[in-house]
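Enquirer: This is a predicted model, with the sequence first.
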Amino acid sequence: MKREIYKSQVKDAGTHGMLQIIKEVAFSDDPRDLGYMADNVPCQRACPASTNIPGYIRCITEGRYGRSYELNRIYNILPATLGRICSRPCEAACRHGEHDLGQSVNICHLKRAAADLKPGMHRIKEDLYAPSGKSVGVIGSGPAGIGAAHDLAVFGHNVTLYESMPEAGGMLRYGIPAFRLPRDILDLEIGNVLRLGVDLKVGVMVGHDVMMKDLLKKHDAVITTVGCMAPNSLGVDGESLDGVISGLDFMVRTNLGQPVPIGKRVIVVGDGFTAMDCARSSLRMGAQSVRINILSTEEFMPVDAHEIHEVKVEGARIYSLVTTHRIHGSQGRVEGIEFLRTRLEDTPDGRGRIAVPIENSAFVMEVDTVIAAIGQHPTVDFGQPLVMNGQRIGVQPDRFLTSVDRLYAAGDCVTGASNVISALASGRKVAQEVDERFVGRRRRTQMVRFEAAEQTDREREYDFIRPVAMPTLAVSDRFDVGENEVEKGYREVEAKRESLRCYLCSLKYEIDVSRCIYCSMCIDVAPRDCIKMISGVSENSDGTYGDYGETGNWNEVVAIAIDNKRCIRCGQCYDVCPMDCITITKTELVEVDREE
Amino acid sequence: MPKDDHYVIVGNGPAGNHAADTLRDEDPEANITIISDEKPLYYYKHRVPAYMVGGCEFEALRIRPYRIYREKSIRLRLGQRVERVVPQERCLYLKHMEKIHYTQLILAVGASGRRLPSHADFSEHLHCLAGFDDAKRVREAMMKSTRIVILGGDLVSMGLAREACKAGKEVVFILYSSLFWPVALKAEIQQNVTERLTALGVEVLVDTEPVTDVQPQEGGYRITLPDGSSLSADLVFSCFGFVPNIRFLLGSGINTEKGVLVDHMMRTNQEGIYACGDCAQIYNPEFKDYWLSVGWGNAETQGVLTAMNLLGGKSVIDYQPKEIFDMDGVTIRTSWWKSFT
Ligand SMILES: Cc1cc2nc3c(=O)[nH]c(=O)nc-3n(C[C@H](O)[C@H](O)[C@H](O)COP(=O)(O)OP(=O)(O)OC[C@H]3O[C@@H](n4cnc5c(N)ncnc54)[C@H](O)[C@@H]3O)c2cc1C
Ligand SMILES: Cc1cc2nc3c(=O)[nH]c(=O)nc-3n(C[C@H](O)[C@H](O)[C@H](O)COP(=O)(O)OP(=O)(O)OC[C@H]3O[C@@H](n4cnc5c(N)ncnc54)[C@H](O)[C@@H]3O)c2cc1C
Ligand code: SF4
Ligand code: SF4
Ligand code: SF4
């Protein structure tokens, strides 16, 4: 396995002054090192775009907001946007949120802080490749389309974006409401992508205004990222009554500025992002009572706790364990919904839950408007037969190629309704595939960068800082101008305080066994069982390291080792070791050019 | 020979104690442990307001001495919070990371004060009253105070208002009739409640909900009403009933909604784990709705029933309301609230 070490050339030259500052840096693509990163920086692993989270958080601590923003942009292209509306899989994985360690770092709020606090007109960096002369058509300008267009443009290809709506952005613009994502922010970040020479054609519906076969003739490759634009129906009687509307239509029309008549009593059916946004938008449009009716319970809702909190603060009520049975009405207008209560049953693996209707539990709630936000699926109507995967577009796993040569697909139209960061990441991945097709090889690869660190960069007291809440607009100020952004963003002090909470899991603590005298002082000061007496380490079949064989018996101890999966980078052991045998290395997952 | 069974009960209120006593009566051999995060021995909650205003000392609240536990050989671990339950391993973790194994587990963890989402911006300035710890925290300030404001209400807040008046405080009660707990007040009952409170000497404000702000000011708090006017107080209480203490169970695999979801035999979805008392939530076929258990009497009954079922019984919970509750002269039909007179 390749384990290259690039050492600084000047190290042994006996020089002083400037040259001494240059540190030793090593790069590796050894699977053990890549595996180490995946295990040890859980937030980065959980991020579909592999954002270097500890890296950008550290920049915020240092007050380098522009750098923090750019570091984000390398991975996720739209930091100010995602810093507001990302579904935050990273926070669910954050080490600080482990059971005995408190709560996750507010990673997403910090992303936004970098964007908000960066200096005006800071420098944007793009490493552009030479033009290739190849042309790619991308259909749909949602996060997947934007991600693909950006990377293809960087790779030097000519990109044309076809979008049926009046403006670019997909669900970022026509799904997510302005009070969560101000449009000037979105315009600015999409503008930064279009500036790379991407040709945006709006108001073009592929399959209607232009045919897929013509696009395939015109471009060397075509990518569809058409998302999920067709709402799922409830499939119950009364769905076609006046006053029943789908959540997606409701949001799209609201975001287009079209009037949507709603009554005083609104019931939203569904538990996802769309349902939350419909409820909050209804309140802004003057609804007096808004209820969100969900099949199971809040614990299993696919939106994060902040979102649930806000929707309640604004006055909506969540009503769990109910399923829609039928919709009542008279003279063509809705009057009430008949629900059945449900009870939860375990799925066979015991991890999920199914909501099962309870017999004889029907009851009716009176209502003026029903918004059914129970998911959506793709509309694939290009005048081009495609092999489908159920309602979604079928592709070769990890290769994004559809059943038609040179036609690729990514984003929600492949995965089903997901979230912005997953769609964006898949757009970036499909760009790599298409580039490989043109160039004949992968041009970028992931490596682990190692750099010695002289200090822990952390104080133990940081571990006890309580999460800094996002300042929000007073509820009374939210409704007059419905577009007013609800979350106000951290100020500098708040951003810094929150940033200090991050353990910086990218710091690797190691014990140099050759110097260790087994005094076990480090074990005595450790805050948890992070340092172990071990008898051996197993290796996984893919070459990565497995678990430590632990022992309590001194005769078997071959080493004292730090379990970086348990380590919270508190620095206690580093400070106490009498032999100075604990080293700290800064690790970083980087994308680098592959040599030809 | 002692058995290896270890019955663990989390919660030292009426549900937990009745469950423990029943288990001991029925199974003289078993290891029984009660764990609770509150330090005091089993006490009467309805006397907590009196204690808080300085009307009595803790001894007047205590239900039974420690000796009883020794005699019954029920192990008490007080002041220790359960942080996490792992049903797959049949164990739980305490706050200080100690791991405790159980063979059967009863969750009788009760409830805490419900806070209104509309008060979120200033909730740190509001006091709740769900037990001894809450009372102890404000007791000193309460004894020094001359004027308190209660935002409410619920059945508990009326006891609080009464005791505060008795102790010579000025009491202002801002009545949120649509949010009264456990049931919204109908006009007629609201009238009745207002009259009762007024008779006690309480100043009752209706139609001023929800207050828009509560902020500290010199020596107390300023409460801003929706019309822009304001009042001041030494302490502000928020009394809107209770929400079950289920936060520590999220992610454990035990099903919860507002409370711990149990069937009519008080079983959760996890083998060997039961719940009873204020933390339990049951589907009630009479009302075609899920109901949270409320009140002392109900906690006692459920504690006994749960213990019997844990030992192999097949008793089913009775859904019918047992008591018509008379609270300071106001008759409120709730199920299971016990009147201590
Ligand atoms: C109301 C709502 C709120 C949401 N909130 C969040 C959130 O807070 N966080 C989060 O992570 N996710 C959220 N999501 C989900 C997220 O928006 C989507 O998962 C994501 O946008 C999918 O990206 P995409 O690029 O695959 O598709 P889309 O964003 O749906 O973009 C598809 C684009 O293709 C265009 N298009 C479709 N067909 C054609 C055609 N034939 N010709 C030309 N153009 C076409 C569409 O007009 C659209 O612009 C929300 C979704 C909705 C509906
Ligand atoms: C001020 C006041 C007055 C009341 N007056 C009346 C009345 O007049 N009539 C009436 O019928 N009812 C009254 N009630 C309600 C009654 O007290 C409750 O319904 C009853 O106490 C519920 O009993 P329980 O055993 O379910 O829970 P609780 O008595 O609440 O006991 C639960 C215990 O579990 C502990 N606990 C919670 N989580 C954990 C954890 N994670 N780890 C360890 N321990 C934990 C709690 O600290 C608590 O000690 C009153 C309540 C209050 C607060
Ligand atoms: S503590 Fe920091 S580096 Fe570690 S998982 Fe959380 S956000 Fe990532
Ligand atoms: S403190 Fe240092 S010398 Fe002592 S056991 Fe730990 S690593 Fe070894
Ligand atoms: S820095 Fe050392 S003491 Fe601190 S958590 Fe990591 S291994 Fe343990």
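Expert: Now that the structure is in, tell me what you want to look at. Numbers count the residues shown, from 1 in each chain, chains lettered A, B, ... in the order given. Ligands and ions are numbered 1, 2, ... in the order given.
Enquirer: Would you state the strands of the stretch 201-341 of chain B in chain order?
Expert: B:203-205, B:213-217, B:220-224, B:230-233, B:235-239, B:242-244, B:260-262, B:273-275, B:280-284, B:289-292, B:325-327, B:330-332 (DSSP state E, counting those that start in this stretch).
Enquirer: And the residue of the stretch 51-200 of chain B found nearest chain A, how far from ligand 5?
Expert: The nearest approach of the stretch 51-200 of chain B to chain A comes at B:Pro117, 4.2 Å away (CB to the nearest CB). To be clear about C-beta, it is placed using only N, CA and C from the backbone, and glycine gets the same treatment. From B:Pro117 over to ligand 5 the distance is 37 Å, taken as CB to the nearest ligand atom, to the nearest Å.
Enquirer: Give me the nearest residue to whichever residue of the stretch 201-341 of chain B sits closest to ligand 5, chain neighbours excluded.
Expert: The minimum distance from the stretch 201-341 of chain B to ligand 5, using CB to the nearest ligand atom, falls at B:Gly251 (23.2 Å). Nearest residue to B:Gly251, sequence neighbours excluded (CB to CB, 6 or more residues apart in numbering or on different chains): A:Glu299, at 7.7 Å.
Enquirer: got a pLDDT number for the one you found?
Expert: The confidence metric pLDDT takes the value 89 at A:Glu299.
Enquirer: Contact partners for it?
Expert: Taking CB atoms under 8 Å, 6 or more residues apart in numbering or on different chains as the contact definition, A:Glu299 lies against B:250-251, B:256.
Enquirer: So it: helix, strand or coil?
Expert: With DSSP: H, G, I helix; E, B strand; the rest coil as the basis, A:Glu299 sits in helix.
Enquirer: Would you mind naming what in the stretch 401-550 of chain A lies close to ligand 1?
Expert: When proximity is defined as CB under 6 Å from any ligand atom, the stretch 401-550 of chain A approaches ligand 1 at A:411-412, A:417-421, A:423.
Enquirer: any idea which of those residues is closest to A:Cys516?
Expert: A:Ile421 (42.0 Å; CB to CB).
Enquirer: Get me the contact residues on chain A for ligand 5.
Expert: Contacts of chain A with ligand 5, taken as CB under 6 Å from any ligand atom, map to A:509, A:526-527, A:530-531, A:562, A:567-573.
Enquirer: how about a cut-off of 8 Å?
Expert: Counting by CB under 8 Å from any ligand atom, chain A comes close to ligand 5 at A:456, A:509, A:522, A:525-528, A:530-531, A:562-564, A:566-574, A:582.
Enquirer: Of these, which are in range of ligand 3?
Expert: Of the residues in the residues of chain A next to ligand 5, proximity to ligand 3 by CB under 8 Å from any ligand atom holds for A:568-569.
Enquirer: Which ones among the residues of chain A next to ligand 5 map onto strands?
Expert: Those of the residues of chain A next to ligand 5 mapping onto strands are A:509, A:531, A:562, A:582, per DSSP state E.
Enquirer: can you give me the helices for chain B?
Expert: Defined through DSSP state H, the helices belonging to chain B, from first to last, are B:14-26, B:48-52, B:66-72, B:132-144, B:155-166, B:187-200, B:296-310.
Enquirer: Buried residues, the fourth one. List them.
Expert: Going back to what we said before, that points to helix B:132-144. Residues of helix B:132-144 classed as buried by neighbour count (16 or more other CB atoms under 10 Å in any protein chain shown): B:132, B:134-136, B:138, B:142.
Enquirer: burial of the residue of the stretch 51-200 of chain B closest to chain A, as a residue count?
Expert: Other residues within reach of B:Pro117 by the criterion other CB atoms under 10 Å in any protein chain shown amount to 18.
Enquirer: Check A:Ala92 too.
Expert: Other residues lying near A:Ala92 total 13 when counted by other CB under 10 Å.
Enquirer: any chance you could map the helices in the stretch 151-300 of chain A?
Expert: With DSSP state H, counting those that start in this stretch as the definition, the stretch 151-300 of chain A shows helices at residue ranges A:171-174, A:183-194, A:212-218, A:247-255, A:273-284.
Enquirer: Now do the phi/psi pair for the residue lying closest to A:Val557 once chain neighbours are set aside.
Expert: For A:Val557, ignoring the flanking residues on the chain, the nearest one in space by CB to CB, 6+ apart is A:Met533 at 4.6 Å. Note on A:Met533: its backbone torsions stand at phi -90, psi 120 [degrees, to the nearest 10].
Enquirer: what does A:Arg449 give?
Expert: phi -100, psi 130.
Enquirer: in stretch A:226-244, what counts as buried?
Expert: A:226-229, A:231-232, A:234, A:236, A:238-239, A:241, A:243-244.
Enquirer: Pull the distance from that stretch to the chain's centre.
Expert: Stretch A:226-244 sits 28 Å away from the centroid of its parent chain (CA atoms, centre = their mean, to the nearest Å).
Enquirer: for stretch B:205-220, same thing?
Expert: 25 Å.
Enquirer: hmm, that stretch touching chain A?
Expert: Yes: residues of stretch B:205-220 contacting chain A under CB under 8 Å from any CB of the partner chain: B:Thr212.
Enquirer: Filter the buried residues of stretch A:226-244 down to just the ones in strands.
Expert: In strands, defined here by DSSP E, the members of those are A:231, A:244.
Enquirer: For the buried residues of stretch A:226-244, give me JSON lines that also has pLDDT.
Expert: Formatted as JSON lines, the buried residues of stretch A:226-244 follow (pLDDT from 0 to 100):
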{"residue": "A:Val226", "pLDDT": "97"}
{"residue": "A:Gly227", "pLDDT": "97"}
{"residue": "A:Cys228", "pLDDT": "96"}
{"residue": "A:Met229", "pLDDT": "95"}
{"residue": "A:Pro231", "pLDDT": "95"}
{"residue": "A:Asn232", "pLDDT": "94"}
{"residue": "A:Leu234", "pLDDT": "94"}
{"residue": "A:Val236", "pLDDT": "95"}
{"residue": "A:Gly238", "pLDDT": "94"}
{"residue": "A:Glu239", "pLDDT": "93"}
{"residue": "A:Leu241", "pLDDT": "96"}
{"residue": "A:Gly243", "pLDDT": "96"}
{"residue": "A:Val244", "pLDDT": "97"}
